[in-house]
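Chemist: Compute the structure for the input listed below.
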Amino acid sequence: MTRVVLAMMKHETNTFSPVPTDLARFAKGAERPIEGEAVLAAYRGTGSCMAGFIDVAEAAGAELVPSIAASAPPSGPVQSAAYEHICDAILATVAGGCDAILLDLHGAMVTERHEDGEGELLVRIRAIAPDVPIGVTLDMHANLYPAMTDNADVVAGYQTYPHIDYHETGVRAARPIFAMLRGEARPVTVWGNRPMLPHVMRQGSGDFPNRELQGKAREMEEEGALAVSLFTGFPHADISNAGLSCVVVTDGDRAAAEEMRDELLDFAWTNRDAFVYRIEPLADSIARARDAADGAGAEGAAAPHPAARGDGPVILLDHYDNAASGGTMDSMTVLGAIAEAELDDVAVFAIHDPGAVRELIAAGIGAETTVMLGGKIDMPAIGMAGEPLEVTGRVKLISEGRFRNLGPAGTGIEMNMGPTVVLDTGRVEIVVISRHHEPNDLNCFLSLGIDPGKRRFLMLKSRIHYRAGFADIARDVLECAGTGVCTSDYDMLDFRNVRRPIYPLDRINEP
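Modeler: Have a look, this model is predicted:
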């Protein structure tokens, strides 16, 4: 029987983030990441790459050999001890013997010693399994290095942002590997990049030009390519290969792969200015949010944000400080502006402040109390100290912070926000959490007794991922430039290692 090793090692590293990345961060509240049969129990039947692997392998009658499933919210460089622990677990499983390897990776992992954490892992695997077919899934925000494509037979990246195609991506990576095992495919891989750092806020797969790029990639697969992946890259990693790239895998046809790769890269480069985000002052965003809530549908009202599809709340995006890009999630700038503007009927997800959570739990449900909320973490990479905000309110709810995603992103996967409190100020209900978590699923509110669809405003610490769960209910979306290490203002970031010249840091060949 064919033995297939399954493993996960996922981290998007923001090299400007002050949030440390130790082994516990990969463990979702446990002491260490899950291993062995627990991996299958956690991911089988879910909307995950791992579940895609499992489905394809089981349909082929293969024996599953689960190794480790280690995934951490984005943060600073991965500590060497954590990286080595995860790598050692995977290498030990591979050394036990296998016929194929399927790896759920990210592609933008930076460690204390390696710019390309995934490539280093693959080099080590190849040293002990030189001829075993390897299939890899990568995030759309991967920063590609040659070690990844040199040491994997098939690479498949997400084609949606927000990422709602995890399972499909797992299937896209696994199927060619099993075709290899049956002698039905000879994968040939080519890759390339362009000197450009697309702003994350302009990378949505529902927006031009990434919409067209991902559509072209899907068409190429429908026409016979084994896997076509356009990576928009993760610009908050100050490493040499940060930025947009492409991988094409064909069945033995290198010339066709190169032609497809170049078509995608040329389209991206031609439209590079559309990947540049224009920042609106925070005061203007707050004013427009009030107008949107008060005058929706009125004659002459501005058209709503293109991602908004519902008639529910107006969403205020605190996009400089989101956990899914390595933010501290405790910057209080946008929440402070909401309070100063006296917006009411607001639900906030979320402020990460474990100390405040402990204080509020000690006060107890129903207690009126004042806390210095957020602002506990300094951000030296952007020259900012944390600034807590004094908040007075009633402790409305205390929760252990666990729920399962409703979908469409990561459907069925259990989430763990850590001990969680809802603090009600009268105008604003603030979710205060102990573990970083991106708001991309309605259940982050519903599990706490808050119906987000019935609120006038939602404040979300998110960039694009919120669209998965909230676009269908949003009346409008206002993008609020606060403070944080996920800033869309590249002038605030001291890029020292990224290759130069690169657009738009250097306005080369201005379109």
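Chemist: Break down the stretch 251-400 of the chain into its helices, ranges please.
Modeler: Using DSSP state H, counting those that start in this stretch, the helices of the stretch 251-400 of the chain run over 254-270, 282-295, 333-340, 354-363.
Chemist: Ignore what I typed, I meant the chain.
Modeler: 37-43, 49-59, 80-95, 117-128, 146-150, 166-181, 210-222, 254-270, 282-295, 333-340, 354-363, 443-446, 466-470 (DSSP state H).
Chemist: mean pLDDT for the ones you listed: which is lowest?
Modeler: Sorting these by mean pLDDT places helix 282-295 lowest, at a mean of 93.
Chemist: hmm, which helix or strand of this structure has the shakiest average pLDDT?
Modeler: Ranked by mean pLDDT, DSSP states H and E, the weakest helix or strand in the chain is helix 282-295, scoring a mean of 93.
Chemist: How far off centre is that helix?
Modeler: With Cα atoms, centre = their mean, to the nearest Å as the basis, helix 282-295 stands 28 Å off its chain's centre.
Chemist: try stretch 268-288
Modeler: Taking Cα atoms, centre = their mean, one finds the center of stretch 268-288 at 20 Å from the center of the full chain.
Chemist: rewinding a little: so which of the helices of the chain comes closest to K396?
Modeler: Closest to K396 of those is helix 354-363 (Cβ to Cβ; 9.8 Å). In this view, the C-beta of every residue, glycine as well, is placed from N, C-alpha and C.
Chemist: could you say what helices and strands the closest one packs with?
Modeler: strand 368-373, strand 389-399, strand 420-424, strand 428-433 (3 or more Cβ pairs under 8 Å, 6 or more residues apart in numbering; DSSP states H and E).
Chemist: if we look at the longest one, which residues are touching it?
Modeler: It refers to strand 389-399. Contacts to strand 389-399, defined as Cβ atoms under 8 Å, 6 or more residues apart in numbering, come from residues 332, 335-336, 339, 360-361, 363-375, 417, 419-426, 428-430, 447-449.
Chemist: Let's see that with 7 Å instead.
Modeler: 332, 335-336, 360-361, 363-375, 420-425, 429, 448-449 (Cβ atoms under 7 Å, 6 or more residues apart in numbering).
Chemist: Just the buried ones among these, please.
Modeler: 332, 335-336, 360-361, 363, 371-375, 420-423, 429, 448 (16 or more other Cβ atoms under 10 Å).
Chemist: List the buried residues for stretch 251-260?
Modeler: Buried, per 16+ other Cβ under 10 Å, within stretch 251-260: D251, D253, A256, A257, E258, M260.
Chemist: from those residues, which is closest to F349?
Modeler: M260 (39.9 Å).
Chemist: Hmm, the closest one is touching C246, no?
Modeler: No. Between M260 and C246 there is no contact under Cβ atoms under 7 Å: 8.3 Å.
Chemist: about what we covered before: identify whichever of the helices of the stretch 251-400 of the chain lies nearest to P380.
Modeler: helix 333-340 (17.2 Å).
Chemist: Measure how that closest one sits relative to strand 389-399, angle-wise.
Modeler: 100 degrees (axes from the mean of the first three to the mean of the last three Cα atoms, to 10 degrees).
Chemist: show me the contacts for the most centrally placed residue in the chain.
Modeler: The chain has A324 as the residue nearest its centroid, 4.7 Å off, counting by Cα atoms, centre = their mean. Neighbouring residues of A324 by Cβ under 7 Å, 6+ apart: P74, E438, S462, H465.
Chemist: let's see 8 Å
Modeler: Contacts of A324 (Cβ under 8 Å, 6+ apart): E12, P73, P74, E438, N440, S462, R463, H465.
Chemist: Now the residue lying closest to the second one once chain neighbours are set aside, what are its backbone angles?
Modeler: The spatially closest residue to P73, leaving aside those adjacent along the chain, is H436, at 4.3 Å (Cβ to Cβ, 6 or more residues apart in numbering). Main-chain dihedrals, H436, degrees, to the nearest 10: phi -60, psi 130.
Chemist: got it, and the one 3 residues further on?
Modeler: Phi and psi for P439, reported as degrees, to the nearest 10, are phi -80, psi 90.
Chemist: Just list the residues touching it, thanks.
Modeler: F349, A350, F445, L460, K461, S462, H465, Y466, G469, F470.
Chemist: out of the helices and strands packed on helix 354-363, nearest to L264?
Modeler: Here strand 428-433 is closest among the helices and strands packed on helix 354-363 (Cβ to Cβ), at 38.4 Å.
Chemist: Appreciated, that's everything.
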